[in-house]
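Chemist: Next come a sequence and a model predicted from it.
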Amino acid sequence: MTSANVDPAAAPKTAAWAGQAAAGRHRHGLARRLVPYGYLSPTMLLITVLMVVPIVMVIGYSFQDNVIVNKNPVFAGFANYAKVLTDADFLASLGNTAVFISVSTVAHLVLGLAFAMMLNTQLLGGITKAVFRIVYILPWLFTIAVIAVIWRLLFDPAGVVNYVLNTVGLLQEGVAWLGDPVTALWAVTFANIWSGYPFFMISLLAALQGISADLYEAAAMDGTNWFQRFVHVTLAQLRPVIVSMAVLDLIWTSQQFALIWMMTGGGPLNATEMLSTYTYKQAFSEYEFATASAAAVIVLLLTTALAFFYVRQQREQ
Amino acid sequence: MATTITGTRRTLAKVGVITGLVIGALFAGLPVVWMLSTSFKNNGEVFQNPPNLITESFSLDAYREILGNGAQLRFFLNSYIVAFAVTILTLLVAILAGYAFSRFRFPFQRTINAVIVSVQVVPPITLVIPYFGLVVALGLYNTYLGLILTHMVFTLPYAIIMITAYLNTLPRELDESVKIDGGTSWTALWRVLVPVSVPGLIAVGVYTFMISWNEYLFALTLTRTDDMRTVPIGIQLLMGQHSYEWNQMMAMSILGSIPVLLLFLLFQRRFIGGLTAGAVKA
């Protein structure tokens, strides 16, 4: 599935590299062994300052009485965690996030696969497919701020979505999609689906192109129909890509902040409050940095659980 | 597969696929077309019923408003400064790290690699609270440097993974010949490997630029004054100031999307190739 990726002229593939670290084998000693760490030092410095230290800090914050605001915070044990975990708003945001990420991921997968398969067809010419491919990738090229603004325009009570639904007779009256607690979560999920499927599509298209035509021919000779070939060849071959993309998407979607913040701000009545917007509000609207930190650590733990699953899945491949 | 499909069935399949492709294109493209169309309307026409896709009163006023406004242009300047700096710094740091991972074997290699890979899944919302404290303490609050450094936490891991994968595809004879001639690993990297890797580096650079250009949460939290805001925040500010100036919001959105659209169109093949290679190998 990576065959199309690297410029073949510039990058002839080498097989296993046997003579590892032949580099300067004639030199010896500590200096030589430190060379790779020298190359890595800017990265290690940045990762330490930008990730290791902040994570230690936020864990520290989460166990203290209100930090940042208070100059001399005191140890508070698990009080912040207890406060967050019994907060109805937090629990609502947990539920909303679960709906948002699961519906988004399934839709990303289904749309991404459908579009990738249509773009992979043998029935159409290369230029036609290239044009459609660019159109399908479009949503992915816009920043989330732009996507939020577009869908606010479209979902406006006087907007095009209502006009179209009225015209085809699916709706009698205009719906305030983002203003109604019943529809708001579905509306932001829809916008997220629109913005996120192209990444699936690209990866699945690359994977589809890596499936040998022989497999389809052999299956066809066995007298299978289209659907059987889809299940037993296409889906079976794509399974590893699908599973890892799905887990990554769950992780990324759970971290979505800008789209929600700019479309609804978590409202109306917490209907679209996510873990990310809840945490942000605790910190930068309420200035409750300690509870915000506790919420942030909980988000980190949930993500770590998903990531653990992802790594295990990658190893199995 | 084609051998089993007769002429009529082939035609039917083709009609089916084209219908599907067109429906998909409408889903993907119409919101973008609507954004474009709205940017050329006068504001009174935006929610006209029935809506017009092609406006009767075509005007570039919305664009003139944005481009003639120093505060709005400042958002663009800020985004360019930050995104270019992030791209250059990320490439420099990632080339060095990718080289270490690709050409050396050393203790703790797997551990360091695992830490770099895992950075990708750390939630930004978890980092933003300590960043706020850290950036303020370091005097980097409301500065370019604060944004540039913090953006690198997202761009660096991916760049390292992609560059390592790319360097792994280059034969070791290439750089080792330099060392046999008495050169150091440093000269082998910069004289031989980097020039040969330009296609891969472009893909990484484009991706890095996109991430930084689009970044929202840190840009929102780690800057305060309007003269330090980037385009995504600028779009939001426009929404707050003039709730009803939809044509200007769409014009600003289009102007703010042009750099990424251009980069993508220019480097499509390399970019998508590099990205799928990186994603799959990650």
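Modeler: Sure thing, it's come through. Residues are numbered from 1 along each chain as shown, chains lettered A, B, ... in the order given.

Chemist: CA only for contacts and neighbour counts going forward, please
Modeler: Will do.

Chemist: ok, which residues in the stretch 101-250 of chain A are in contact with chain B?
Modeler: A:115, A:118, A:123-124, A:132, A:135-139, A:141-146, A:149-151, A:153-154, A:158-160, A:163, A:194, A:202-203, A:206, A:216-217, A:220, A:241 (CA under 8 Å from any CA of the partner chain).

Chemist: packing partners for the helix or strand hosting residue B:255?
Modeler: According to DSSP states H and E, residue B:255 maps onto helix B:246-281. In terms of contacts (3 or more CA pairs under 8 Å, 6 or more residues apart in numbering or on different chains; DSSP states H and E), helix B:246-281 is packed against helix A:144-154, helix A:181-209, helix B:7-39, helix B:61-67, helix B:144-168, helix B:198-214, helix B:231-241.

Chemist: Give the rounded mean pLDDT of the last one.
Modeler: For helix B:231-241, the mean pLDDT works out to 87.

Chemist: Do that helix and chain A come into contact?
Modeler: Yes: applying CA under 8 Å from any CA, one finds helix B:231-241 touching chain A at B:232, B:233, B:235, B:236.

Chemist: what about that helix, distance to the chain center?
Modeler: For helix B:231-241, the distance from its own C-alpha centre to the chain's C-alpha centre is 19 Å (CA atoms, centre = their mean, to the nearest Å).

Chemist: ok, now the fourth one?
Modeler: Once both centres are worked out by CA atoms, centre = their mean, helix B:61-67 turns out to sit 25 Å from its chain's centre.

Chemist: What's the local residue count around residue 212?
Modeler: Assuming you mean chain A. 11 (other CA atoms under 10 Å in any protein chain shown).

Chemist: nope, chain B
Modeler: Residue B:212 has 25 neighbours, counted by other CA under 10 Å.

Chemist: Tell me how far it lies from residue B:76.
Modeler: Taking CA to CA, to the nearest Å as the measure, residue B:212 falls 13 Å from residue B:76.

Chemist: just curious, which of the residues of helix B:231-241 next to chain A is nearest to chain A?
Modeler: Using CA to the nearest CA, residue B:232 comes nearest to chain A of those, at 5.3 Å.

Chemist: In contact with that closest one, which residues are there?
Modeler: With contacts defined as CA atoms under 8 Å, 6 or more residues apart in numbering or on different chains, residue B:232 is in contact with A:143, A:144, A:145, A:146, B:214, B:215, B:216, B:256.

Chemist: from memory the fourth one sits against residue B:253, does it?
Modeler: If I follow you right, that is residue A:146. Yes: taking CA atoms under 8 Å as the contact criterion, residue A:146 and residue B:253 are neighbours in contact, 5.4 Å apart.

Chemist: can you list residues touching both of the two?
Modeler: Between them, residue A:146 and residue B:253 have residue B:235 as joint contacts when contacts are counted by CA under 8 Å, 6+ apart.

Chemist: circling back to that earlier point, kindly reformat the helices and strands packed on helix B:246-281 as CSV containing distance to residue A:53.
Modeler: Below are those laid out as CSV (distance: least, CA to CA, whole Å):
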stretch, distance to residue A:53
helix A:144-154, 28
helix A:181-209, 31
helix B:7-39, 41
helix B:61-67, 41
helix B:144-168, 12
helix B:198-214, 22
helix B:231-241, 27
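
Chemist: ok, of those helices, where does mean pLDDT dip lowest?
Modeler: Confidence, taken as mean pLDDT, is least for helix B:231-241 of the helices and strands packed on helix B:246-281 (a mean of 87).

Chemist: What residues sit buried inside that helix?
Modeler: Along helix B:231-241, these residues count as buried under the neighbour rule (16 or more other CA atoms under 10 Å in any protein chain shown): B:231, B:232, B:233, B:234, B:235, B:236, B:237, B:238, B:239.

Chemist: Surely the fourth one touches residue B:72?
Modeler: The reference is to residue B:234. Yes: counting by CA under 8 Å, residue B:72 is a contact partner of residue B:234 at 7.0 Å.

Chemist: for chain A, longest helix please?
Modeler: Once chain A is assigned using DSSP state H, the helix that runs over the most residues is helix A:88-119.

Chemist: The closest residue to residue B:233 other than its chain neighbours: what secondary structure?
Modeler: Leaving aside its chain neighbours, residue B:233 sits nearest to residue B:220 (6.4 Å; criterion: CA to CA, 6 or more residues apart in numbering or on different chains). Secondary structure state of residue B:220, per DSSP: H, G, I helix; E, B strand; the rest coil, is helix.

Chemist: for the longest helix of chain A, what is the average pLDDT?
Modeler: In this model, helix A:88-119 has an average pLDDT of 96.

Chemist: Check which helices and strands the helix or strand following that helix is in contact with.
Modeler: For helix A:88-119, the succeeding helix or strand toward the C-terminus, using DSSP H and E, is helix A:126-137. Based on contacts counted as 3+ CA pairs under 8 Å, 6+ apart, the elements that helix A:126-137 packs against are helix A:88-119, helix A:181-209, helix B:7-39.

Chemist: and the angle from the longest one to helix A:88-119?
Modeler: Pointing back at helix B:7-39 there. Between the axes of helix B:7-39 and helix A:88-119, defined by axes from the mean of the first three to the mean of the last three CA atoms, to 10 degrees, the angle is 130 degrees.

Chemist: Compute the inter-axis angle for helix B:7-39 and helix A:126-137.
Modeler: Here helix B:7-39 runs at an angle of 50 degrees relative to helix A:126-137 (the same axes, to 10 degrees).

Chemist: Would you mark the buried spots in helix B:7-39?
Modeler: Burial within helix B:7-39, assessed by neighbour count using 16+ other CA under 10 Å, is assigned to B:14, B:17-18, B:21, B:24-25, B:28-29, B:31-32, B:34-39.

Chemist: Do the strand or helix carrying residue A:276 and chain B come into contact?
Modeler: Using DSSP H and E, residue A:276 sits in helix A:275-284. Yes: counting by CA under 8 Å from any CA, chain B is contacted by helix A:275-284 at A:276, A:279, A:280, A:283.

Chemist: May I ask which of the residues you listed has the most neighbours?
Modeler: When neighbours are counted by other CA under 10 Å, residue A:279 leads the residues of helix A:275-284 next to chain B with 29 neighbours.

Chemist: For burial, what's the neighbour tally of the residue nearest to that residue when sequence neighbours are not counted?
Modeler: Take residue A:279 and drop its neighbours on the chain: the residue closest to it by CA to CA, 6+ apart is residue A:292, 5.0 Å away. For residue A:292, the neighbour count with other CA under 10 Å is 30.
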